[in-house]
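Student: Just the structure for this:
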Amino acid sequence: MNLKYIMSLFLVLGLAACSNQDIVYPDYDIQAGYFPYQTPVRTLILGNYDQGINENDNNKRFEIGVTMSGMYENDEDRLVHFELDNSLLDNVANVQALPSEYYSIEAQSPVTIPAGDTKGRITVQLNDAFFNDPLSIAPTGMVNYVVPVRITRVENLDTLLVGESAVENPSRVNPADWNVLPKDYTLFGIKFINQYHGHYLRRGVDVMTDASGNEVENVYHNEYVVRDEVVMVSTSGNQSVTLENNVRRGDNASPGSLMMELVFGNDNQCTIRSAEGDAYNISGSGTFAEDAGEWGDKARDVLYLDYSYTDAANNETHAVKDTLVIRDRAVTFEEFTVELEN
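Tutor: Have a look, this model is predicted:
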């Protein structure tokens, strides 16, 4: 056997020995349970939503998540015991506990983090009282109601992330009381938007009639729907929204904008009226039609509005027909900041 053959054989064997193996990472020494967020805001999205899954939302349910850390794969069930704790809101000025009659917790403590997962889910079922309360509605960055939950102990986990206090008798919600912030509690904010809420693309025509009976037609739309004016339709109640439009006077200066409220029945037909504080005596009607429009190669929900209003300062009346095609539901991930009373 010659030297070249022997060297070639060693090379082949060496390459075979170097084949890729799955890398096995060791777990950390300590596995801990905790809430991932202390002040999250969950917005229930009613109606159609093409940017995610909102089946729970339409069933008036949501989940409060608990999680664990310290391992790459969870091979057994872990138990996290919890309780509702309204005392977490002592000295908190800007939020309040969700009334107990508005909801029920489907599975009582403890919640299970099942084998194969690193998260457990506390499922909360809301009822109609929540959706009929004006405090269940809030603008972006704000919330009125929270579900205050505290973890009391864990099983099959080494520890609970209770933080490291800097003072005696610390308040969990006051960062100044802590060297290391606790993660054994959550003030889980909850609010909702109704099925009509979102950013829309608006086009339409406003026919102005002056004191002499002369008409001026103001048309506003682009060649493509996606380039139309973006407007916000905001939840004002369980079945109502508000919408702003400009007072359009052709080449004459506009005195400003008008604010209307659309109040819907169960048939997706709405009555249009002036919102609180509006001075233009708006009246009319409209229709919400699911999947009646299209842009971006997708069917889109549409609002068709037909209304009139009076610009008393200029002695002019307006007749308006608008078409609004939904662009998005105007929802983002939110957290709120706790404001202390003193």
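Student: Strands of the stretch 1-150 of the chain, start to end?
Tutor: Applying DSSP state E, counting those that start in this stretch to the stretch 1-150 of the chain gives strands spanning 32-34, 40-45, 61-69, 78-84, 96-97, 103-105, 111-113, 119-126, 145-155.
Student: To what extent is residue 234 buried, counted in neighbours?
Tutor: Neighbour count for residue 234, taken as other C-beta atoms under 10 Å: 20. Quick note: C-beta positions are derived from backbone N, CA and C, even for glycine.
Student: Contact partners for the closest residue to it other than its chain neighbours?
Tutor: The spatial neighbour of residue 234 that comes closest, neighbours along the chain excluded (C-beta to C-beta, 6 or more residues apart in numbering), is residue 242 at 5.1 Å. Contacts for residue 242 (C-beta atoms under 8 Å, 6 or more residues apart in numbering) come out as 233, 234, 236, 259, 260, 261, 262, 275.
Student: and residue 242, what element?
Tutor: strand 240-246 (DSSP states H and E).
Student: what's the next helix or strand after that strand packed up against?
Tutor: Counting by DSSP H and E, the next helix or strand C-terminal to strand 240-246 is strand 257-264. Applying 3 or more C-beta pairs under 8 Å, 6 or more residues apart in numbering; DSSP states H and E, we find strand 257-264 packed against strand 229-237, strand 240-246, strand 269-274, strand 298-311.
Student: what about 7 Å?
Tutor: strand 240-246, strand 269-274 (3 or more C-beta pairs under 7 Å, 6 or more residues apart in numbering; DSSP states H and E).
Student: Remind me what the shortest one packs against, helices and strands.
Tutor: Think strand 269-274. Helices and strands touching strand 269-274, by 3+ C-beta pairs under 7 Å, 6+ apart, are strand 257-264, strand 283-295.
Student: Deepest-packed of those strands, please.
Tutor: strand 257-264 (a mean of 19; mean count of other C-beta atoms under 10 Å).
Student: That one: partners in the sheet, and parallel or antiparallel?
Tutor: In the sheet containing strand 257-264, its partner strands are strand 240-246 (antiparallel), strand 269-274 (antiparallel), by DSSP bridges.
Student: Buried residues, the strand holding residue 242. List them.
Tutor: Using 16 or more other C-beta atoms under 10 Å as the test for burial, strand 240-246 gives 240, 241, 242, 243, 245.
Student: so that strand versus strand 229-237, what angle?
Tutor: Between strand 240-246 and strand 229-237, the angle comes out at 150 degrees (axes from the mean of the first three to the mean of the last three C-alpha atoms, to 10 degrees).
Student: Tell me the pLDDT of the residue nearest the centre of the chain.
Tutor: Central residue of the chain (C-alpha atoms, centre = their mean): residue 43, 3.4 Å from the mean position. Listed pLDDT for residue 43 reads 98.
Student: now residue 71
Tutor: So, for residue 71, pLDDT stands at 86.
Student: Surely it touches residue 33?
Tutor: No - counting by C-beta atoms under 7 Å, residue 71 does not reach residue 33; the two are 11.9 Å apart.
Student: So between those two, which is more surrounded?
Tutor: residue 33 (29 against 15).
Student: which residues touch the more buried one?
Tutor: Applying C-beta atoms under 7 Å, 6 or more residues apart in numbering to residue 33 gives the contacts 66, 68, 78, 80, 151, 154, 157, 160.
Student: Closest one of these to residue 334?
Tutor: Of all those, residue 66 has the smallest distance to residue 334: 19.8 Å, by C-beta to C-beta.
Student: tell me, how many neighbours does the closest one end up with?
Tutor: There are 26 residues near residue 66, going by other C-beta under 10 Å.
Student: give me every residue that touches it.
Tutor: Counting by C-beta under 7 Å, 6+ apart, residue 66 has contacts 33, 35, 80, 111, 113, 119, 120, 151.
Student: at 8 Å what do you get?
Tutor: Taking C-beta under 8 Å, 6+ apart, one finds 33, 34, 35, 80, 82, 111, 113, 119, 120, 121, 122, 151 in contact with residue 66.
Student: Just grab the bridge partners of it for me.
Tutor: Legend: beta-bridge partners of residue 66 under DSSP bridges are residue 120.
Student: Tell me the predicted confidence for it.
Tutor: Per-residue pLDDT puts residue 66 at 98.
Student: Right, I'll leave it there.
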